[in-house]
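Asker: Here is a sequence together with a model predicted from it:
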Amino acid sequence: KTFSPDAEDRAGGAGRMTVKLETAPRDRRVPTQNQAKACYMYYNSWHQCKYDFSEDEPQCKKLNTWAHAMCPDEWFERWEAQREAGTYAGPVPGEKEGGH
């Protein structure tokens, strides 16, 4: 697919750039239409990756993209707010198990 920022570029062809659109790969552990489990898994894997490596690590960037592709924005925003407030119920990298 191509993306042109304005009509002038579309008409003249100048300034065109190619954008590759991707989403998370199919996961055999989540075979149904309901992708909530995959969303939750990618979201937590992304945070663990950031903790283990850095946000700039290519695999972490990929997990971030997949999490955003699979999760509704409302869930993502709510979970991020809960992490900041220390009330997130899921796994938190760096915490010992049962630390909630």
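Answerer: Received, thanks. Numbering: from 1, shown residues only.
Asker: What are the boundaries of the helices in this structure?
Answerer: Here the chain has its helices, by DSSP state H, at 7-12, 36-52, 58-70, 73-85.
Asker: distance of the spatially closest residue to residue 88 that is not a sequence neighbour from residue 59?
Answerer: Once flanking residues are discounted, residue 88 sits nearest to residue 82: 4.0 Å by Cβ to Cβ, 6 or more residues apart in numbering. The C-beta positions use only the backbone N, C-alpha and C, and glycine is treated the same way. From residue 82 over to residue 59 the distance is 24 Å, taken as Cβ to Cβ, to the nearest Å.
Asker: ditto for residue 35
Answerer: Distance from residue 35 to residue 59, by Cβ to Cβ: 20 Å.
Asker: which one of these two has more residues nearby?
Answerer: Applying other Cβ atoms under 10 Å to residue 35 and residue 59 shows that residue 35 carries more neighbours, namely 16 against 12.
Asker: quick one, what contacts the more buried one?
Answerer: residue 70 (Cβ atoms under 8 Å, 6 or more residues apart in numbering).
Asker: And it, how far from residue 43?
Answerer: For residue 35 relative to residue 43 (Cβ to Cβ), the value is 12 Å.
Asker: do residue 73 as well
Answerer: Taken as Cβ to Cβ, the span from residue 73 to residue 43 is 12 Å.
Asker: who's more crowded, these two?
Answerer: Taking other Cβ under 10 Å, residue 73 and residue 43 do not tie; residue 43 has more neighbours (22 against 8).
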